[in-house]
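Peer 1: Got a sequence here, can you build the structure:
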Amino acid sequence: MGATGSTGSALLHRLTSLGVPVRALTRDPARLRARLGSPTGGSPAAGVEIRAADAADPVTLRAAFEGADQLFLTMANSPAQAALEGNAVEAAARSGIRHVVKLSAPGVGADSPVAISRWHHAVEQQLLASGLPHTLLRPYAFMQKLLLLGPEIAARGVLYGAMADAPCNYVDCRDIADVAAAVLTRPELAGRTYTLTGDRAYSHPELAHLLGTLLGHPVRHLDLGAEGLRRHLLEHAGMPGWLAAHVAEIQQLAVDRPETPTTTVAGILGRPPRSLEAFLHEHLGAFRPGPARDTR
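Peer 2: Below is the predicted model of the structure:
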């Protein structure tokens, strides 16, 4: 599930490169076929089967899970996330799924100050109660989300935030996908909880300096504080209220609980995680003015 997201699509490519049969679930099969290179409806990639399913409709989930052994579960964050992922857990338990790999979040808990972490906690608890064998992946901030900052950096040369000089862990979604593929294909890795980060944590001033160095012109960091950042995202980025609050919450959490990298990605994959510098260099067009910007 989540085959069209950054991590899900990377996982599809990784599993097919390994020759692993995989079923991709989506509410819009035609769109997914087009993204995978088969708009006419033929097989989009060797080993990929596409089925329609809607997390709000447990009947479609049970039909889509039929005959599958394992489930990779990720969904876009939203206020309905716990209910929708809960539907998937229940359908998996009824459909004979033998192992669930859930993309979760760090700092989960019923009393977490971050609402999305509370939602993930609820799903984790449902997984535990279901009796389904499961593995939890808890990645920190996705490098891919930095591309959303591209328009303001391109237009104004400013990186807005609310973390002051607190360090923040970043991880490339492709590394998350590679870890997920390893867990799905190597039974000895299953049944654990893995916290995933890149090779080092960066403060916002360090991130702004790195971007400025790569772009060849200064990028200024402006700290707005948590409430100021929330208002800025509402008024200037057009974010819904819950998402603007989430961004402010996770940045405040980084201040309250300083982050340090883990060695989990390297330990599982046998190679270093992708670096933030390499990621930004790869996507510099997203931070430059003009049609070359890429904010995927």
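
Peer 1: contacts and neighbour counts: CA atoms only from here.
Peer 2: Noted.

Peer 1: buried sites along stretch 238-253?
Peer 2: By neighbour count on 16 or more other C-alpha atoms under 10 Å, the buried set for stretch 238-253 is 239, 243, 244, 245, 246, 247, 248, 249, 250, 251, 252, 253.

Peer 1: actually stretch 150-168, not the one I typed
Peer 2: Applying 16+ other C-alpha under 10 Å to stretch 150-168 flags 150-154, 157-164, 166-168 as buried.

Peer 1: ditto for stretch 205-214
Peer 2: For stretch 205-214, by 16+ other C-alpha under 10 Å, it's 205, 207, 208, 209, 210, 211, 212.

Peer 1: quick one: that stretch to chain centroid distance?
Peer 2: Averaging C-alpha positions (C-alpha atoms, centre = their mean, to the nearest Å) puts stretch 205-214 23 Å from its chain's average.

Peer 1: Could you do stretch 197-211 as well?
Peer 2: 18 Å.

Peer 1: now, which of the buried residues of stretch 205-214 lie within helices?
Peer 2: Counting by DSSP state H, the members of the buried residues of stretch 205-214 that fall within helices are 205, 207, 208, 209, 210, 211, 212.

Peer 1: Let me know the closest of the buried residues of stretch 238-253 to residue 146.
Peer 2: Residue 146 has its nearest neighbour among the buried residues of stretch 238-253 in residue 247, at 12.0 Å by C-alpha to C-alpha.

Peer 1: wait, doesn't the closest one sit right on residue 230?
Peer 2: Yes - using C-alpha atoms under 8 Å, residue 247 is in contact with residue 230, at 7.4 Å.

Peer 1: if we can go back for a sec, out of the buried residues of stretch 150-168, who's nearest residue 284?
Peer 2: Nearest to residue 284 among the buried residues of stretch 150-168, counting by C-alpha to C-alpha, is residue 150 at 8.9 Å.

Peer 1: Doesn't that closest one lie inside a helix?
Peer 2: Yes - counting by DSSP: H, G, I helix; E, B strand; the rest coil, residue 150 is part of a helix.

Peer 1: how near is the closest residue to it other than its chain neighbours to residue 27?
Peer 2: Nearest non-adjacent residue to residue 150, counting by C-alpha to C-alpha, 6 or more residues apart in numbering: residue 287, 4.3 Å away. Using C-alpha to C-alpha, to the nearest Å, residue 287 is found at 32 Å from residue 27.

Peer 1: For those two, indicate the residue with more neighbours.
Peer 2: Legend: neighbour count by other C-alpha atoms under 10 Å for residue 287 and residue 27, higher for residue 287 (25 against 14).

Peer 1: Quick check: that one vs residue 130, distance?
Peer 2: For residue 287, the distance to residue 130 - C-alpha to C-alpha - is 45 Å.

Peer 1: Now do the strands in the stretch 101-250 of the chain.
Peer 2: 134-139, 141-142, 158-161, 168-171, 193-196, 201-202, 220-223 (DSSP state E, counting those that start in this stretch).

Peer 1: My read is that residue 65 contacts residue 97, right?
Peer 2: Yes - using C-alpha under 8 Å, residue 65 makes contact with residue 97 at a distance of 7.4 Å.

Peer 1: neighbour-wise, which of the two wins?
Peer 2: The residue with more neighbours, out of residue 65 and residue 97, is residue 65; 23 against 19, by other C-alpha under 10 Å.
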